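How does the following fold in three dimensions:
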Amino acid sequence: MHSGARARRIDLETKLIDVLRIFQKLRISALPVVDKSKCLKDVYSKFDVMHLAATRTYTNLDVALEYALDAIHDKETRQLATCKKCEQLFEIMDKFVTREVHRLIVVDNDYRIVGVLSMSDLMKFLVTTFESLSRSNSTHSNSFSYLIGEPMDTQM
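As a prediction, the model looks like this:
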């Protein structure tokens, strides 16, 4: 997870051209958008840039992000993909699957950004955990037998 202190975020007044420059410079695919009180309001992603092409508004990039978001996202129905640090791994994995997202914005109870959890972060955690378990179990002569028990006697 990318921590809140290092997590990149933008506000509603950020110019659209500046957002595109951040995407290009940092090689990231999305940025959380916060209001004046630093609470999460939206997420602007590279996918949203496609709207510029579709509406042929790519010549007007000197506008505040707030106006671009109004044209793309319906504030009344938009549900941001978020989670909290206290959530269980299963809950987080379920959100990735059911929401069909590549990242979850980690927020506190006041909806302030704590960090960003990407699908890559989740995969890294799973691989690292598996490798750690594999190393600790390699000392057992019959690895993984403790997980599945003794073989069943199939003779009658």
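
Would you map the strands across this protein?
2-3, 10-11, 30-34, 40-45, 82-83, 103-107, 113-118 (DSSP state E).

Columns distance to Q24 on top of those, output as JSON lines?
For every residue, glycine as well, the C-beta is placed using N, CA and C. Formatted as JSON lines, the strands of the chain follow (distance: least, C-beta to C-beta, whole Å):
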{"stretch": "strand 2-3", "distance to Q24": "18"}
{"stretch": "strand 10-11", "distance to Q24": "14"}
{"stretch": "strand 30-34", "distance to Q24": "12"}
{"stretch": "strand 40-45", "distance to Q24": "14"}
{"stretch": "strand 82-83", "distance to Q24": "26"}
{"stretch": "strand 103-107", "distance to Q24": "18"}
{"stretch": "strand 113-118", "distance to Q24": "18"}
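
R112 contacts D35, correct?
No - look at R112 against D35 with C-beta atoms under 8 Å: they stay out of range, at 10.3 Å.

Could you pull out the helices in the chain for me?
Counting by DSSP state H, the chain has helices at residues 16-26, 46-55, 65-72, 89-99, 119-137, 145-148.
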